[in-house]
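*Asks:* Quick one: sequence and predicted model below, then my questions.
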Amino acid sequence: MTDRCTVESVGKAISAHRLRSQAGTAQDVMQAVLDAMPSRAAILNEYGTILHANPSWCRFTEDNALAGSRYGAGANYPALCRTIAGSSAGAAQQVALGIEQMISGEEQRFVCEYPCHSPGATQWFRLCVTRVALPDGTVRFLVAHDARTLIGETADTVKATEERLHRLLETTDILPWEADTETWEFTYVGPQASNLFGYPVEQWYQKDFWINHLDPRDRTHAIEFCLEHSKVDQQYDFEYRMVAADGRIVWVHDFVSVTSEGGRPRALRGFIVDITERKRSEAALRESEERFRLMADAAPVMIWMSGPDKRCVYFNKRWLEFAGRPIERELGDGWAENMHPDDLGRCLEIYSDAFDARKDFNMEYRLRRSDGEYRWIWDIGVPRFGTSGHFAGYIGSCIDITDRQRAKSSLREMSGRLIQAQEKERSRVARELHDDFNQRLALMAIELEQLDQQLPSSAVDLQHRTRHVLQEARKLSTDLHNLSHELHPSKMDYVGLAIATRSFCDEIAHRLDLRIDCVFRDVPRDLPKDLALCLYRVVQEALRNVVKHSGSQDATVEISGGPSLITVSVSDSGVGFDPKSTGAQAGLGLVSMRERVCLVGGTFSIQSLPLQGTRIEVRVSLAP
């Protein structure tokens with residue numbers, strides 16, 4: 001029995017020695033691994049005492065002025081953490097508590113991140129405490145510090161950003177809020193609430209505050225909208241009215257974000273923006289637009305508006321009644337469907353050119369009325385601009401000038417008949433002068449010449465008197481001949497416009513001592529008689545004006561022809577005048593020229609300035 005006990009005691013002693021040897025070997029290995037780790041690491045025993053610290057741990061305590069020897073082997077780490085004061089005290093207390101909970105077995109692992117405020121800079125670290133069981137059943141605790149600079153900087157950045165955002169929000173009229181999705185009670189309301197609505201912030205946390213302060217007109221819609229969209233959307237926004245503490249109605253735009261957990265909404269966060277002024281502006285704008293529409297519909301003219309893309313966006317009631325079509329068919333370019341095909345191209349060109357130049361325009365065209373009749377329309381358009389000066393399109397008004405056009409046509413027809421009658425009378429008078437009076441003067445001149453030859457040589461005085469009368473008779477015959485040609489240029493019927501005009505210019509230049517330069521280019525000889533006579537009369541009248549009014553002895557007559565156009569111009573370098581100042585007091589010569597040119601479908605223009613001469617130009621299209 002004694003021997004048996006001795007053997008068992010020896011065996012236990014050998015086993016204990018073996019365990020101690022294995023434990024010592026394991027601890028040596030752990031220390032070797034610890035020294036090779038880049039982390040700042042130390043081994044603690046079951047009381048929190050530091051058994052071994054690697055070189056990185058020692059350098060870390062020295063770099064951060066932590067009196068390295070105090071944090072080396074033999075020091076109780078949780079107790080040291082509890083002695084730290086200042087800005088790091090909170091983090092140190094958390095570390096001490098975590099290690100103590102690991103030692104007591106309450107936690108199997110402890111991790112935390114903390115800032116270390118060293119003299120040089122603030123660094124963030126991640127501390128990890130791991131439980132290690134040795135072969136002999138001894139428990140050790142591995143404490144490792146890893147630098148987490150990036151995490152710390154990110155956290156600092158986020159924190160700073162949040163602080164800036166809060167400061168920014170507090171200086172604006174934007175109200176941040178947060179609420180529970182189940183109770184709809186606010187869990188956070190920004191300080192702007194009292195300024196925007198007049199209620200203390202504390203009052204917003206009361207039950208059903210938001211619901212109770214919705215405008216009754218919007219309450220049902222706002223609640224239903226919020227309920228519906230909070231279930232299906234992550235973000236939404238809507239507008240509604242709230243009643244302020246002083247009874248004011250405040251329009252708000254609410255931007256809402258839904259936070260969900262496990263697929264169910266848990267919280268609502270958002271921003272409320274006061275849009276009362278915007279709503280007032282919109283209401284004022286709508287009222288202004290309504291007044292404009294009422295006035296436009298009551299106006300006795302047709303009114304249209306276009307946008308900046310040249311397409312029409314509005315027509316008043318009178319336009320729609322004239323067209324006999326709904327506004328949908330007139331909008332855009334639909335209105336052009338009723339314009340006469342012969343006027344469409346010209347009018348669109350005028351409209352487009354004025355639009356691109358942002359200038360006023362006016363034009364006349366034929367527009368089909370609801371009964372199918374084409375009516376003449378006078379259209380005036382002006383550009384319109386927004387309050388900020390941006391181009392907004394055009395607005396125009398139109399009046400039916402068909403009756404005026406018919407009156408003008410009647411007057412033109414009457415004027416044409418008068419001019420034709422005048423030309424016939426001129427032709428008759430010219431024939432009478434040439435065939436009767438001029439012939440009689442010629443016979444009288446012959447008889448005077450015969451009488452002069454029969455007088456005796458002694459009747460000297462009588463011979464002189466006879467010869468003087470003969471000379472005057474010949475001059476009178478020449479003047480009658482010229483007057484006859486002015487009244488009716490009969491030679492134009494045989495030689496054409498160019499030669500007849502040059503002959504007239506030569507005659508008047510010789511008779512009145514003028515210098516007239518004639519320039520003719522490609523003038524057709526087979527011009528219609530009425531057109532040739534019209535252009536001849538324009539040159540004739542224009543040269544008379546040069547003689548009467550210009551004070552110049554020089555003039556230029558140009559006639560240029562082409563396949564589809566003939567142009568006539570008469571210019572001088574005289575005193576000139578302002579064509580706008582003449583107005584209704586224009587001379588009969590100018591009126592006559594305009595009427596003649598209008599009758600042949602041409603255009604008549606005057607270019608003149610005081611002391612800079614005058615140029616009269618006529619352009620007539622030739623029929624193909």
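*Replies:* Okay, I see it. Numbering: from 1, shown residues only.

*Asks:* contacts, neighbours, all on C-alpha from now
*Replies:* Will do.

*Asks:* looking at this protein, which helix or strand is least sure?
*Replies:* One helix or strand of the chain scores below all others by mean pLDDT, DSSP states H and E: helix 2-36, with a mean of 50.

*Asks:* Just the helices from the stretch 251-400 of the chain, written as ranges.
*Replies:* 276-298, 317-323, 327-330, 341-357 (DSSP state H, counting those that start in this stretch).

*Asks:* Quick one: list the elements packing against the shortest one.
*Replies:* For helix 327-330, the helices and strands in contact under the criterion 3 or more C-alpha pairs under 8 Å, 6 or more residues apart in numbering; DSSP states H and E are strand 312-315.

*Asks:* repeat that for 7 Å
*Replies:* Here helix 327-330 touches no other helix or strand, going by 3 or more C-alpha pairs under 7 Å, 6 or more residues apart in numbering; DSSP states H and E.

*Asks:* Equivalent analysis for the second one, please.
*Replies:* Using 3+ C-alpha pairs under 7 Å, 6+ apart as the contact definition, the elements that helix 317-323 packs against are strand 302-306.

*Asks:* helices or strands next to the strand it packs on in the packing?
*Replies:* With contacts taken as 3+ C-alpha pairs under 7 Å, 6+ apart, strand 302-306 sits against strand 312-315, helix 317-323, strand 391-400.

*Asks:* try it again with 10 Å
*Replies:* Secondary-structure packing of strand 302-306 (3 or more C-alpha pairs under 10 Å, 6 or more residues apart in numbering; DSSP states H and E): helix 276-298, strand 312-315, helix 317-323, strand 374-385, strand 391-400.

*Asks:* Touching it from outside, list them.
*Replies:* By C-alpha atoms under 10 Å, 6 or more residues apart in numbering, the residues outside strand 302-306 that reach it are 296-297, 311-322, 331-333, 377, 379-384, 392-400.

*Asks:* which of the residues you listed count as buried?
*Replies:* Applying 16 or more other C-alpha atoms under 10 Å to these, the neighbour count classes 296-297, 311-320, 322, 331-332, 377, 379-384, 392-400 as buried.

*Asks:* so where is the stretch 301-450 of the chain shaky, pLDDT-wise?
*Replies:* Within the stretch 301-450 of the chain, the stretches with pLDDT under 70 are 410-412, 414-443.

*Asks:* quick one: His52 and Ala133, what's the gap?
*Replies:* 16 Å (C-alpha to C-alpha, to the nearest Å).

*Asks:* ok, those two, which is more surrounded?
*Replies:* The neighbour count for His52 versus Ala133, taken as other C-alpha atoms under 10 Å, is higher for His52 (22 against 11).

*Asks:* Give me the pLDDT value at that one.
*Replies:* For His52, the model assigns a pLDDT of 87.

*Asks:* circling back: for the helices and strands packed on strand 302-306, could you give me a markdown table that also reports distance to Asp146?
*Replies:* Shown next, in a markdown table, are the helices and strands packed on strand 302-306 (distance: least, C-alpha to C-alpha, whole Å):
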| stretch | distance to Asp146 |
| --- | --- |
| helix 276-298 | 55 |
| strand 312-315 | 69 |
| helix 317-323 | 81 |
| strand 374-385 | 66 |
| strand 391-400 | 64 |
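
*Asks:* Please name the residues that touch Asp208.
*Replies:* By C-alpha under 10 Å, 6+ apart, the contact list for Asp208 reads 183-186.

*Asks:* hmm, 7 Å instead?
*Replies:* Going by C-alpha atoms under 7 Å, 6 or more residues apart in numbering, Asp208 touches 184-185.

*Asks:* Buried residues, stretch 346-357. List them.
*Replies:* 347, 351, 354-355.

*Asks:* Nearest to Glu558 among the residues you listed?
*Replies:* Closest approach to Glu558 among the buried residues of stretch 346-357 (C-alpha to C-alpha): Cys347, at 31.2 Å.

*Asks:* Next one: the residue lying closest to Thr49 once chain neighbours are set aside from Ser39, what distance?
*Replies:* Closest residue in space to Thr49, ignoring its immediate chain neighbours: Asn76 at 4.1 Å, by C-alpha to C-alpha, 6 or more residues apart in numbering. Distance of Asn76 to Ser39, given as C-alpha to C-alpha: 20 Å.

*Asks:* could the buried residues of stretch 346-357 go into CSV alongside distance to Arg404?
*Replies:* Output for these, formatted as CSV (distance: C-alpha to C-alpha, whole Å):
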residue, distance to Arg404
Cys347, 20
Tyr351, 23
Ala354, 26
Phe355, 28
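
*Asks:* Name the next helix or strand downstream of the least confident helix or strand of the chain, please.
*Replies:* Counting by DSSP states H and E, the element after helix 2-36 in chain order, helix or strand, is strand 40-44.

*Asks:* How about residues contacting that next one?
*Replies:* With C-alpha under 7 Å, 6+ apart as the test, strand 40-44 has contacts from 34, 50-54, 56-57, 60, 140-146.

*Asks:* Widest-spaced pair of those residues?
*Replies:* Across the contacts of strand 40-44 (C-alpha to C-alpha), the longest gap, 21.8 Å, separates Phe60 and Arg140.

*Asks:* who's more crowded, the two?
*Replies:* Neighbour totals were compared for Phe60 and Arg140, and Arg140 leads with 22 against 16 (other C-alpha under 10 Å).

*Asks:* Any figure for the gap between the nearest residue to Val139 once chain neighbours are set aside and Asn54?
*Replies:* Closest residue to Val139 apart from its sequence neighbours, by C-alpha to C-alpha, 6+ apart: Ala133 at 4.6 Å. Ala133 sits 20 Å away from Asn54, going by C-alpha to C-alpha.

*Asks:* Let me see the contact set for Leu320.
*Replies:* By C-alpha under 7 Å, 6+ apart, the contact list for Leu320 reads 326-327.

*Asks:* what's the answer for Ile84, then?
*Replies:* Counting by C-alpha under 7 Å, 6+ apart, Ile84 has contacts Ala92.

*Asks:* Tell me how many other residues surround Ala147.
*Replies:* By other C-alpha under 10 Å, the residues close to Ala147 number 18.

*Asks:* any idea how far Glu100 is from the closest residue to Leu34 other than its chain neighbours?
*Replies:* Closest residue to Leu34 apart from its sequence neighbours, by C-alpha to C-alpha, 6+ apart: Asn54 at 6.0 Å. As judged by C-alpha to C-alpha, Asn54 and Glu100 stand 22 Å apart.

*Asks:* Flag every buried residue along stretch 91-107.
*Replies:* In stretch 91-107, counting by 16+ other C-alpha under 10 Å, buried: 91-100, 102-103.

*Asks:* now swap in stretch 504-514 and tell me
*Replies:* Here stretch 504-514 shows 504-506, 508-509, 514 as buried, counting by 16+ other C-alpha under 10 Å.

*Asks:* cool, stretch 515-531 as well?
*Replies:* Buried residues in stretch 515-531, counted by 16+ other C-alpha under 10 Å: 515-518, 520, 523-524, 531.

*Asks:* can you redo these as a markdown table with pLDDT?
*Replies:* As requested, the buried residues of stretch 515-531 are arranged in a markdown table below (pLDDT from 0 to 100):
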| residue | pLDDT |
| --- | --- |
| Arg515 | 92 |
| Ile516 | 92 |
| Asp517 | 92 |
| Cys518 | 92 |
| Phe520 | 92 |
| Val523 | 89 |
| Pro524 | 87 |
| Leu531 | 86 |
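
*Asks:* I'd like those laid out as a markdown table, including secondary structure and distance to Gly72.
*Replies:* A markdown table is the format used below for the buried residues of stretch 515-531 (DSSP: H, G, I helix; E, B strand; the rest coil; distance: C-alpha to C-alpha, whole Å):
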| residue | secondary structure | distance to Gly72 |
| --- | --- | --- |
| Arg515 | strand | 124 |
| Ile516 | strand | 123 |
| Asp517 | strand | 121 |
| Cys518 | strand | 121 |
| Phe520 | strand | 119 |
| Val523 | coil | 120 |
| Pro524 | coil | 121 |
| Leu531 | helix | 123 |
